[in-house]
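sequence and computational prediction follow.
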Amino acid sequence: MSDATLSTGSTGSTGPSVENPAPLIEPPRARTGKTPKSTRTNFEMYGWLFMRLSGILLVVLVLGHLLIQLVLDGGVTKISFAFVAGRWASPFWQAWDLIMLWLAMLHGANGLRTIINDYAERDNTRFWLKMLLYTATVFTILLGTLVIFTFDPNI
Amino acid sequence: MPAGTLYRGREGMWSWVAHRVTGVLIFFFLLVHVLDTALVRVSPEAYDETIAVYKTPLVGLMEYGLVAAVLFHALNGLRVVAVDFWSKGAKYQKQMLYTVMGIWIVLMAGAFWPVLSHAFYEVFGS
Ligand code: HEM
Ligand code: HEM
């Protein structure tokens, strides 16, 4: 389909004309008096921005992590409790892992929230899928944070 | 069927589908990955026994798949950022997708041996 068909509309019965005007399309997401309070914030815009900013940081954090864990120094075969103990002896790698944990989980969870909104059409299904998502996300972030802060090499 | 779409079935749509699929995949891996790492709080033995699974050939192949997913999602994510923030981004989105695929192929070739050599030695002997 070429864009000529889209713009001229003179080639067949599909295009708009005086007798058959193009339908008036309401602007999407227009805010009216009936708009619920909860959608009068800029939450979705901040979410959109967060996906992009966290994504840029995650390129360094996650690709660096994969390089260290899977490529350098024998790849996956070198990983052991002792290896983790050596890494988390350094506050630098503790901070790296902590920031990566929070950013990747929040970025991924927000992405999944979008996907649930896209595909789960029934209000009930959507609600419960999101509750499941938020529960798993909070649990995983807290567990991962706890593990970094309470790590004991002499366990 | 909407007529005259310039999007459906084109590069833009497939890269969006791939971005979505890889994003979900990485998220579910991460949920499991934080659990396996948490075993360092149980005992060194529990952790090492579980990490041994990561070193088997079949799981090694899955790790290469994870690398493929992360690399695509990361490179294409940067492309999405460029489309949104760079004034010429939308105009060059197709060229940028081909650049993404080019870099992806080079990095996947580079990762092949480091990620999979241990699996190779195990399956074919060393
Ligand atoms: C198969 C590939 C991977 C391997 C072998 C691996 C290995 C490890 C290891 C050994 C640790 C322990 C701490 C350290 O050494 O830094 C760790 C922690 C971590 N990894 Fe990975 N990793 C992989 C992929 C990923 C990916 C793709 C992500 C992000 C999406 C990720 C996110 C994390 C996070 C957030 C932690 C900290 C966990 C915690 O707080 O308990 N890893 N990983
Ligand atoms: C490595 C660096 C990464 C970059 C540059 C990146 C970039 C992006 C961007 C820009 C978006 C928004 C796409 C849009 O609004 O259309 C996005 C979506 C998403 N990302 Fe990432 N991301 C990265 C890592 C991750 C990780 C580690 C995860 C999983 C834990 C993840 C999971 C997702 C998901 C599930 C979506 C939603 C996809 C959709 O709505 O179709 N991403 N990513």
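Received the coordinates, thanks. Ligands and ions are numbered 1, 2, ... in the order given.

only C-alpha atoms from now on, for both contacts and neighbour counts.
Will do.

the lengthiest helix in chain B: which residues count as buried?
Of all the segments of type helix in chain B, defined by DSSP state H, the longest one is helix B:93-124. Neighbour counts over helix B:93-124 (16 or more other CA atoms under 10 Å in any protein chain shown) mark B:93, B:96-97, B:100-101, B:104, B:108, B:111, B:114-119 as buried.

got it, and stretch A:108-127?
For stretch A:108-127, the neighbour count (16+ other CA under 10 Å) marks A:Gly108, A:Ala109, A:Asn110, A:Gly111, A:Leu112, A:Arg113, A:Ile116, A:Arg126 as buried.

from the centroid of chain B, which residue is nearest?
B:Ala69 (1.5 Å; CA atoms, centre = their mean).

nearest spatial neighbour of that residue, skipping sequence neighbours?
Nearest in space to B:Ala69, with sequence neighbours left out and distances taken as CA to CA, 6 or more residues apart in numbering or on different chains, is B:Thr22 at 5.2 Å.

the one you found: neighbouring residues, count only.
Applying other CA atoms under 10 Å in any protein chain shown, we find 19 other residues in the vicinity of B:Thr22.

how about the one 3 residues further on?
Residues within reach of B:Leu25, counting by other CA under 10 Å, total 15.

how about the contacts made by it?
For B:Leu25, the contact set (CA atoms under 8 Å, 6 or more residues apart in numbering or on different chains) comprises B:Ala69.

which SS class is it?
Here B:Leu25 is helix, with the state taken from DSSP: H, G, I helix; E, B strand; the rest coil.

just A:Ile115 next, same as before
Three-state call for A:Ile115 (three-state DSSP): helix.

re the thing from before, and chain B, which of the buried residues of stretch A:108-127 contact it?
Restricting those to those near chain B by CA under 8 Å from any CA of the partner chain leaves A:Gly108, A:Ala109, A:Gly111, A:Leu112.

can you redo those as CSV with distance to ligand 2?
As requested, those are exported to CSV (distance: CA to the nearest ligand atom, whole Å):
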residue, distance to ligand 2
A:Gly108, 4
A:Ala109, 7
A:Gly111, 3
A:Leu112, 5
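
and which of those residues is nearest ligand 1?
Nearest to ligand 1 among these: A:Gly108, at 8.7 Å, using CA to the nearest ligand atom.

tell me which strands and helices the longest helix of chain B is in contact with?
Other helices and strands packing on helix B:93-124, by 3 or more CA pairs under 8 Å, 6 or more residues apart in numbering or on different chains; DSSP states H and E, are helix B:11-38, helix B:57-85.
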